[in-house]
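Participant: sequence plus the predicted model coming up.
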Amino acid sequence: MSESKEVILEAKHVTRRFRTTDGRTLLANNDVNLKFYKGETLGLVGESGCGKSTFMKFLVSLDIPSEGEILYRGKDITKLKGEKLRQNRQHIQMVFQDPTASFNPKMKIRDIICEPLLNFGRIKKSEKEENCRRLLELVELPAEFSDRYPHNMSGGQRQRVAIARALALEPEVIIMDEATSALDVSVQKTIIELITKLQREKNITIGFICHDIALIEQCAHQIAVMYLGNVVEVLPGGQLSKDAVHPYTRALMGSVFDINMDFSKPIENLEGEAPSPLELPEGCPFQGRCTKCMAICKKEAPQMVSLTPDHQVACHLYTKNMQK
Ligand SMILES: Nc1ncnc2c1ncn2[C@@H]1O[C@H](COP(=O)(O)OP(=O)(O)OP(=O)(O)O)[C@@H](O)[C@H]1O
C-alpha cells in the first residue's frame, strides 16, 4: 500500500513551458505530480515528444521547472544553488541512452568509473584501481576492463560501465533515460535483470523512462503514463493488462502486447500522431485520438481521480463530471 512506503522523491505540480523562436509557448509538462518510493522503480512511459525527458531532467537538476517543486527527502531541489546543488547530485544519478556520448573517448574505463569518486573527494588517486574493480564486479564485468577504452566494448558492456559509474557514489536514486533502448532485445533483458538485482541489493529507487510499455511492465513497481505533457494514469506495474483503464494506456498496450491480454476490456486503436504541444486543444489532451471521446472531453480537462490508493486516472469516463 502506498501509505506505508517511504517517499524519496516527489514532483508537485510540475509544469515546464518552452518559449519557441517565433514567440509561442510549448507546454512540455503540465502539472505533473508523481511520487518515487524507496527501493522501487517508477516507469514513465509515453510516445516520443510527450515530455518524459523534460521531466526527468528536473530530477537530476539538469533543468528547473517553470512552476512546481521537486522534493528530495522533503527538500525542494529546484531551489538549490552552488555547492548545495553539487552535493545533492551525489544522491540522484543518471544513466543515459547512449553512454558513448557522455563518456570521454580518451579516458580509460577506470577513469570514467572513478571520476565521480575523485570529484567528490571520496577516494585518493591511488585507490582508483581497487574501486574500479569493485564496481566492475558489481555490474558483472571482468576486472581487466578497467584498462580498456569505451570504443573497445559492446553497447551492453558500455551500458554496464555507465551503471557502475552511476552507482559509484552510492546514490539513493538512479534515473535511467531510455537506458536500454539502443540495445538488442537479449542484451536489454540482461541489463534489466542486472538493474533489478542491484536494486534489490542496494534498495535503490529507480526512475525508468521508456517508450516501450511492455518493457516497463517487466521492471516497474509503479507506472506513470504520459501524454502531451500530462500524466494520464498512474498504476502498479505487473498487472497492466488487467488494471489499465485510460484509453491511451489501453491503446499503448494494444500496440505492443500480443499475448497474455485480458480480453474482457477492449483495446482501443491508437491512430495517427499526437498533436503538437504547441497546439494543445481545450479539454482532454487525448480527445483527438480517443475512441471514447465525449462532449465534456472537448470542454474540460479531466482531473486525476483515485480508483484505488495505488491507481489514479485522468479521464472523464472515471470522473464525476460524467454525470453532468
Ligand atoms: N529546450 C527545449 N526547447 C524547446 N522545446 C523543447 C526543449 N526540450 C524539449 N522540447 C519540446 O518539449 C516536448 C517534450 O520533449 P521531450 O524530449 O521531453 O519528450 P520525450 O517524451 O522525452 O521524447 P523522446 O522519447 O523522443 O525523447 C517536445 O515537443 C520537444 O520538442
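Facilitator: Received, thanks. Numbering: from 1, shown residues only.
Participant: count the residues that sit near residue 20.
Facilitator: With neighbours defined by other Cβ atoms under 10 Å, the count for residue 20 comes to 9. C-betas here are computed from N, CA, C, even on glycine.
Participant: no, scratch that, I was asking about residue 155
Facilitator: By other Cβ under 10 Å, 16 other residues sit near residue 155.
Participant: give the contact list for it.
Facilitator: Residue 155 makes contact with 182, 183, 184, 187 under the criterion Cβ atoms under 8 Å, 6 or more residues apart in numbering.
Participant: go ahead and build a PyMOL selection from the buried members of those.
Facilitator: PyMOL command restricting those to the buried ones, with burial defined by 16 or more other Cβ atoms under 10 Å:
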select buried, resi 182+183+187
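Participant: and which of the contacts of residue 155 is nearest the ligand?
Facilitator: Relative to the ligand, the closest of those is residue 182; by Cβ to the nearest ligand atom it sits at 12.3 Å.
Participant: returning to that earlier point: flag the least confident of the contacts of residue 155.
Facilitator: Ranked by pLDDT, the contacts of residue 155 bottom out at residue 182, which has 74.
Participant: gap between the closest residue to that one other than its chain neighbours and the ligand?
Facilitator: Spatial nearest neighbour of residue 182, excluding adjacent residues (Cβ to Cβ, 6 or more residues apart in numbering): residue 97 at 5.7 Å. Distance, residue 97 to the ligand, by Cβ to the nearest ligand atom, to the nearest Å: 8 Å.
Participant: check which helix or strand the closest residue to the ligand within the stretch 201-324 of the chain maps to.
Facilitator: The minimum distance from the stretch 201-324 of the chain to the ligand, using Cβ to the nearest ligand atom, falls at residue 277 (4.7 Å). Counting by DSSP states H and E, no helix or strand carries residue 277.
Participant: for the closest residue to it other than its chain neighbours, which three-state class applies?
Facilitator: The shortest distance from residue 277 to any non-neighbouring residue, by Cβ to Cβ, 6+ apart, is to residue 26 (5.0 Å). Secondary structure state of residue 26, per DSSP: H, G, I helix; E, B strand; the rest coil, is strand.
Participant: quick one: residue 26 and residue 18 touch, right?
Facilitator: Yes. Assessed by Cβ atoms under 8 Å, residue 26 is found in contact with residue 18 at 4.5 Å.
Participant: of those two, who's got more company?
Facilitator: Per other Cβ under 10 Å, whichever of residue 26 and residue 18 has more neighbours is residue 26, with 17 against 14.
Participant: which residues in the chain form strands?
Facilitator: For the chain, applying DSSP state E gives strands covering 7-19, 25-37, 41-45, 67-72, 75-76, 92-95, 173-177, 205-210, 222-227, 230-236, 305-308, 311-313.
Participant: make JSON lines out of these and add mean pLDDT and distance to residue 86.
Facilitator: Compiled in JSON lines, the strands of the chain are given as follows (pLDDT from 0 to 100; distance: least, Cβ to Cβ, whole Å):
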{"stretch": "strand 7-19", "mean pLDDT": "97", "distance to residue 86": "18"}
{"stretch": "strand 25-37", "mean pLDDT": "96", "distance to residue 86": "21"}
{"stretch": "strand 41-45", "mean pLDDT": "96", "distance to residue 86": "25"}
{"stretch": "strand 67-72", "mean pLDDT": "98", "distance to residue 86": "14"}
{"stretch": "strand 75-76", "mean pLDDT": "96", "distance to residue 86": "15"}
{"stretch": "strand 92-95", "mean pLDDT": "93", "distance to residue 86": "12"}
{"stretch": "strand 173-177", "mean pLDDT": "94", "distance to residue 86": "16"}
{"stretch": "strand 205-210", "mean pLDDT": "94", "distance to residue 86": "21"}
{"stretch": "strand 222-227", "mean pLDDT": "96", "distance to residue 86": "29"}
{"stretch": "strand 230-236", "mean pLDDT": "96", "distance to residue 86": "30"}
{"stretch": "strand 305-308", "mean pLDDT": "95", "distance to residue 86": "38"}
{"stretch": "strand 311-313", "mean pLDDT": "96", "distance to residue 86": "35"}
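Participant: tell me the bridge partners for residue 16.
Facilitator: Residues in a beta bridge with residue 16, per DSSP bridges, are residue 29.
Participant: re earlier: may I see the strands of the chain organised as JSON lines, with distance to the ligand added?
Facilitator: JSON lines is the format used below for those (distance: least, Cβ to the nearest ligand atom, whole Å):
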{"stretch": "strand 7-19", "distance to the ligand": "3"}
{"stretch": "strand 25-37", "distance to the ligand": "4"}
{"stretch": "strand 41-45", "distance to the ligand": "9"}
{"stretch": "strand 67-72", "distance to the ligand": "15"}
{"stretch": "strand 75-76", "distance to the ligand": "21"}
{"stretch": "strand 92-95", "distance to the ligand": "13"}
{"stretch": "strand 173-177", "distance to the ligand": "8"}
{"stretch": "strand 205-210", "distance to the ligand": "7"}
{"stretch": "strand 222-227", "distance to the ligand": "7"}
{"stretch": "strand 230-236", "distance to the ligand": "12"}
{"stretch": "strand 305-308", "distance to the ligand": "24"}
{"stretch": "strand 311-313", "distance to the ligand": "20"}
